[in-house]
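>>> sharing a model prediction with you, sequence too.
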Amino acid sequence: MDAYIVKAYRSAVGRAKKGGFRNYRSDDLAVDVINHLLAQTPELDPSLVDDLIVGCANPEGEQGLQMGRQISVRALGKEVPGVTVNRYCASGLETIAIAVAKIKAGMGEIFIAGGTESMSMIPMTGYKLAPSYNVAKDTPDYVVSMGITAEAVAKRYNISRASADEFSFRSHSLATKALEEGKFVEEIVPVKVSEVFVKDGKRMETTQTVAMDEGVRKDTSIDALASLRPAFAQGGVSRPAGNSSQTF
């Protein structure tokens with residue numbers, strides 16, 4: 001049996017700690033996107049979905065309690081099962097691979113697959129970092145950060161700081177052009193975010209709609225990137241904040 005992707009949507013990508021989703025739960029975000037998907041696919045009866053497969057690199061805190069099932073109950077109904085998959089940065093992609101494999105194996109016909117993550121609410125290493133002592137002692141390279149890994153890759157393959165900065169600048173330039181031309185409008189689901197807080201002893205509430213990726217630096221330049229210090233390794237050459245994940 002062949003597998004086909006019928007519809008695909010996503011939220012915008014926010015800035016951790018500072019962006020529009022900084023106080024918005026990732027399960028709420030997933031429900032918003034799935035509700036939009038269903039609205040754009042009126043011929044689909046949600047009860048016919050065989051499984052909801054949700055990727056999440058840090059399934060704890062606000063992302064705990066078998067989040068995939070929590071999302072399926074809210075977005076699709078209690079009859080539809082849900083599962084959470086963790087393959088770290090490839091978690092969302094892995095869910096699509098699992099859905100395709102299940103269809104080809106005859107284990108179902110309709111799946112909703114994707115990933116959801118908050119890097120604002122969940123610490124980078126989770127709430128309790130507890131690596132294996134034996135792993136840290138015998139094979140410490142297995143538990144180093146992605147930033148240090150990037151430095152090692154740059155050293156092994158002779159990736160210079162200048163070439164990394166050039167790649168980053170080109171990436172931001174292309175992303176800026178795509179945003180200005182509305183290339184992502186059809187795929188991004190606008191999400192209304194309400195925040196309640198206390199200011200000067202009074203209850204305040206604000207509402208905004210997040211519909212555009214926030215990590216693109218429109219005003220960056222090669223000179224600006226070159227001025228940044230390496231963020232991970234002492235004496236490192238390739239990974240300052242300007243060409244790393246925006247979380248950093």
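Structure's in. What do you need?
>>> which helix in this protein runs the most residues?
Longest helix in the chain, counting residues (DSSP state H): helix 161-180.
>>> list the buried residues of the helix or strand of the chain with the lowest mean pLDDT.
Across the helices and strands of the chain, mean pLDDT, DSSP states H and E gives its lowest value to helix 146-156, namely a mean of 87. Residues 146-147, 150-151, 154 are the ones in helix 146-156 that count as buried (16 or more other C-beta atoms under 10 Å). Yep, even glycine has a C-beta here, placed from its N, CA and C like the rest.
>>> re earlier: got the buried residues for the longest helix of the chain?
Within helix 161-180, the residues that qualify as buried are 161, 164-165, 168-169, 172, 175, counting by 16+ other C-beta under 10 Å.
>>> quick one: the least confident helix or strand of the chain to chain centroid distance?
Distance of helix 146-156 from the chain centroid (C-alpha atoms, centre = their mean, to the nearest Å) equals 22 Å.
>>> extract the C-alpha set from that helix and format it as PDB.
As requested, the backbone C-alpha atoms of helix 146-156 are provided in PDB (Å, rounded to 0.1, in the frame of the first residue of the first chain):
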ATOM      1  CA  MET A 146      25.500  19.800  20.000                       C
ATOM      2  CA  GLY A 147      27.600  23.000  20.100                       C
ATOM      3  CA  ILE A 148      30.700  21.100  21.100                       C
ATOM      4  CA  THR A 149      29.800  18.500  18.500                       C
ATOM      5  CA  ALA A 150      29.600  21.200  15.800                       C
ATOM      6  CA  GLU A 151      33.100  22.400  16.800                       C
ATOM      7  CA  ALA A 152      34.400  18.800  16.400                       C
ATOM      8  CA  VAL A 153      32.700  18.400  13.000                       C
ATOM      9  CA  ALA A 154      34.100  21.800  11.800                       C
ATOM     10  CA  LYS A 155      37.600  20.700  12.900                       C
ATOM     11  CA  ARG A 156      37.400  17.300  11.200                       C
END
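>>> what angle separates that helix from helix 161-180?
With axes from the mean of the first three to the mean of the last three C-alpha atoms, to 10 degrees defining the directions, helix 146-156 sits at 120 degrees from helix 161-180.
>>> pLDDT on the longest helix of the chain, on average?
Averaged across helix 161-180, the pLDDT comes to 94.
>>> please, where are all the strands along this protein?
Listed in chain order, the strands of the chain (DSSP state E) span 51-55, 82-85, 111-115, 191-199, 202-210.
>>> include mean neighbour count when you put these into TSV, please.
Converted to TSV, the strands of the chain look like this (neighbours: other C-beta atoms under 10 Å):
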stretch	mean neighbour count
strand 51-55	26
strand 82-85	20
strand 111-115	22
strand 191-199	12
strand 202-210	10
